[in-house]
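coords please:
(chains A and B)
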Amino acid sequence: MGSTTRDRFDDYGAGPGGPPTEPEQCEMAIENLVLDEVGLCEYFQAQQHVPPEGTPLRLRNELYHGRLALETEDGQIVGLLPTAYNYLLQCMARGYTYAGEVVAATDVPVPVVSTVLGPVA
Amino acid sequence: MRCAGDQSILLLGHVLVDLALSEGAPPKPRLGGIMHAARALWALDCPFGLAYCGPDYLRPLLERAAKRYGAVSLQQVASVSGSPGVMVIEDPKEAGAQGYHYLLRDDLQVLVADGKLGQALDHARWSGILVIAGEFDLGWVVSAVQARAKRVDLDIGNYEGDWETIQAISGAIETLIVSTSSPQFPATVDDPLSSLAEKAIRLGAKGLLLKENRGGARYRCLITSSQTVSIGAQLRPVRHSVGVGDCFDAAFVALRDRMSCDDALSYAAVIAAEYAVAASSDGFKKAVQGWLQVPLGDIRQLEGVSLPWELRTQHSIYIAAPDFDYVDRTALERVVSALMYHNFRPRRPVQEHGQTSLGTNAREKRRLYQADIQLLLQCSMVVAVILNDDPGTLIEIGFAIAKGIPVVVYDPCRQAANLMLTQGPQLISAELDDVITAVFATLGRGRTVTNGQV
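Now for the predicted structure:
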């Protein structure tokens, strides 16, 4: 009778003898990151098309009008990160930098860019 | 940006065992009540003390936790009998009503430990006292506080008593804190913030903080200009929402001494968001310390979602689903209930216009079709619920997408496979809280705020 699992009343489950901790969120790669407002950002405005697949990108190290943004290596903003990724700001404050690339992109019916992004070792 | 050297916060309230029930996972117990606020202060490196009401059996666990989090004092100011002090939580993520069940609450008795509250208050020169109201007599707390010429930040989120009782403690409140899930929140008035502000002014409170779940928070200073500050919510897939509001309170109270109220609230918002996704206390602390390194200017301009309670009813949400009386609509009802809990207006075309039968004639079918389409076009967005291969639901999804109406799909049984369905909507998820978060993000999009005055 009774449970075979040990319940910890204190922490979320971390610590010696507790369940394994989750990986550090700042060290996790982000797959299938679809950018916001691609059509309004400077890359599309300048080029009138989305960047091709494989285009290297980096996380801009400062906010762009209150948003995190991905830019090309020469500093053209391709699109904005959904606000769910705002936590990357505190990761950058802790010294993390991020890079990635375009994995899929289309101009029509609306410009869409899907990327992958991960911490730079 | 850390807490000042002479700063320390006394936390006063219940300690509970939160028992979160999640589908497919074993029940998870965790120390709750004021321990949520304690974790926030620990993460901020802000010294704090605990003055708690709780059952005696929790004492050893609390001593361990107090040591773990570096509490400068731990005082049981009242014991609890008749109830084990356990809160069972059906929906830890608060997609809808969280389904709190306080075990044996009706039999609960709070037994004040003579003199202990005074000892707790006198233990240190507390720079702030955060009281999270519970089953104890607020008058008992506040008279002890007033006798020492102190003021408290008072969170009445859990308070189910009447305003007359709170009125009796006027003059001792720094900030009155309420949430939209609180029994004290005037959910049906046109301007709940002003309604609460009137009451807070009568209490002599200096400020009013209204926490609005995924819709952000609003703060009104009551002694200067009465301007309202709107703080956007940082929406992310949450692990749990239990105690996130208390974490927000504690961060605000701790940081207010070092910066303006507006800025303290901005930091509190990102810290609370980290609490909602934290898998471990250590991970939470690392993230909080990271946020403290982010320049204030960035925190101020960081975009979040602000969707005040009373504006949500302006958004009709079309429910695309096989809403027929011969279908098991449990999942659909869950969605509707969650949307209503957050004060949105779900519109159910079948319920509003009628359901066809085998004998429905062509004219009636045409009428129902036109009525449903007209309703869809009037709505701000579509939430579709995949219960089966209902062609009507799928057509409505496609129709809305073609019309540029945002579509979010709740697929509880993970049936969707066709790429037209999985790639067309802005979100498709088997998790109800993802759907609700997406609704806030979608409808709050035009209202994303850079934290500041509205």
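
how many neighbours does residue B:423 have?
Using other C-beta atoms under 10 Å in any protein chain shown, residue B:423 is surrounded by 8 other residues. Just so you know, the C-beta spots here come from the backbone N, C-alpha and C atoms, and that holds for glycine as well.

Let me fix that, I meant to ask about residue B:124.
Neighbours of residue B:124 (other C-beta under 10 Å): 16.

Cross-check the contact I'm expecting between residue B:131 and residue B:12.
Yes. Using C-beta atoms under 8 Å, residue B:131 is in contact with residue B:12, at 4.7 Å.

Who has more neighbours out of these two?
More crowded of residue B:131 and residue B:12, by other C-beta under 10 Å: residue B:12, with 30 against 26.

From residue B:63, how far out is the more buried one?
Per C-beta to C-beta, to the nearest Å, residue B:12 is found 18 Å from residue B:63.

Look at residue B:420 and give its secondary structure.
helix (DSSP: H, G, I helix; E, B strand; the rest coil).

For it, give its distance to residue B:401.
For residue B:420 relative to residue B:401 (C-beta to C-beta), the value is 9 Å.

Specify which residue of those two has the higher count of neighbours.
Each of residue B:420 and residue B:401 has its neighbours counted (other C-beta under 10 Å); residue B:401 has more, 16 against 12.

who does the helix or strand bottoming out on mean pLDDT in chain A touch, helix- and strand-wise?
Every helix and strand of chain A was ranked by mean pLDDT, DSSP states H and E. The lowest is strand A:30-34, at a mean of 94. With contacts taken as 3 or more C-beta pairs under 8 Å, 6 or more residues apart in numbering or on different chains; DSSP states H and E, strand A:30-34 sits against strand A:98-106, strand A:112-119.

Going along the chain, name the strands of chain A.
For chain A, the strands defined by DSSP state E cover A:30-34, A:56-59, A:69-72, A:77-80, A:98-106, A:112-119.

Kindly report the same for the stretch 251-400 of chain B.
B:303-304, B:316-320, B:345-347, B:381-385 (DSSP state E, counting those that start in this stretch).

And stretch B:382-390, what's buried?
B:382, B:383, B:384, B:385, B:386, B:387, B:390 (16 or more other C-beta atoms under 10 Å in any protein chain shown).

Looking at those, spot the one nearest residue B:42.
residue B:383 (38.7 Å; C-beta to C-beta).

List the contacts of that closest one.
B:317-320, B:335, B:339, B:346, B:407-410, B:435, B:439 (C-beta atoms under 8 Å, 6 or more residues apart in numbering or on different chains).

Give me the distance between residue B:267 and residue B:165.
Distance, residue B:267 to residue B:165, using C-beta to C-beta: 33 Å.

neighbour-wise, which of those two wins?
More crowded of residue B:267 and residue B:165, by other C-beta under 10 Å: residue B:267, with 27 against 12.

For residue 93, which non-adjacent residue is spatially closest?
This is for chain A. residue B:293 (3.8 Å; C-beta to C-beta, 6 or more residues apart in numbering or on different chains).

oops, chain B please
Of all residues not flanking residue B:93 in the chain, residue B:433 sits nearest, at 4.0 Å (C-beta to C-beta, 6+ apart).

Switch the strands of the stretch 251-400 of chain B over to JSON lines, and while doing so, append mean pLDDT to every line.
Converted to JSON lines, the strands of the stretch 251-400 of chain B look like this (pLDDT from 0 to 100):
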{"stretch": "strand B:303-304", "mean pLDDT": "89"}
{"stretch": "strand B:316-320", "mean pLDDT": "97"}
{"stretch": "strand B:345-347", "mean pLDDT": "97"}
{"stretch": "strand B:381-385", "mean pLDDT": "98"}
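
May I see these organised as TSV, with distance to residue B:37 added?
Below are the strands of the stretch 251-400 of chain B laid out as TSV (distance: least, C-beta to C-beta, whole Å):
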stretch	distance to residue B:37
strand B:303-304	22
strand B:316-320	34
strand B:345-347	34
strand B:381-385	34
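
Mean neighbour count, those strands: which tops it?
strand B:381-385 (a mean of 25; mean count of other C-beta atoms under 10 Å in any protein chain shown).

Could you export it as PDB, keeping only the C-alpha atoms?
In PDB, the C-alpha atoms belonging to strand B:381-385 read as follows (Å, rounded to 0.1, in the frame of the first residue of the first chain):
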ATOM      1  CA  MET B 381     -10.800  35.100 -34.600                       C
ATOM      2  CA  VAL B 382     -11.700  31.400 -34.900                       C
ATOM      3  CA  VAL B 383     -10.900  28.700 -32.400                       C
ATOM      4  CA  ALA B 384     -11.600  25.400 -34.000                       C
ATOM      5  CA  VAL B 385     -11.900  22.200 -32.100                       C
END
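
hmm, back to that, same list (the helices and strands packed on strand A:30-34) but as a markdown table, adding distance to chain B.
Below are those laid out as a markdown table (distance: least, C-beta to the nearest C-beta, whole Å):
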| stretch | distance to chain B |
| --- | --- |
| strand A:98-106 | 11 |
| strand A:112-119 | 10 |
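
would CSV of those with mean neighbour count be doable?
Shown next, in CSV, are the helices and strands packed on strand A:30-34 (neighbours: other C-beta atoms under 10 Å in any protein chain shown):
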stretch, mean neighbour count
strand A:98-106, 18
strand A:112-119, 19
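
does residue B:254 really touch residue B:153, like I thought?
No. The criterion here is C-beta under 8 Å, and residue B:254 misses it with residue B:153 at 10.4 Å.
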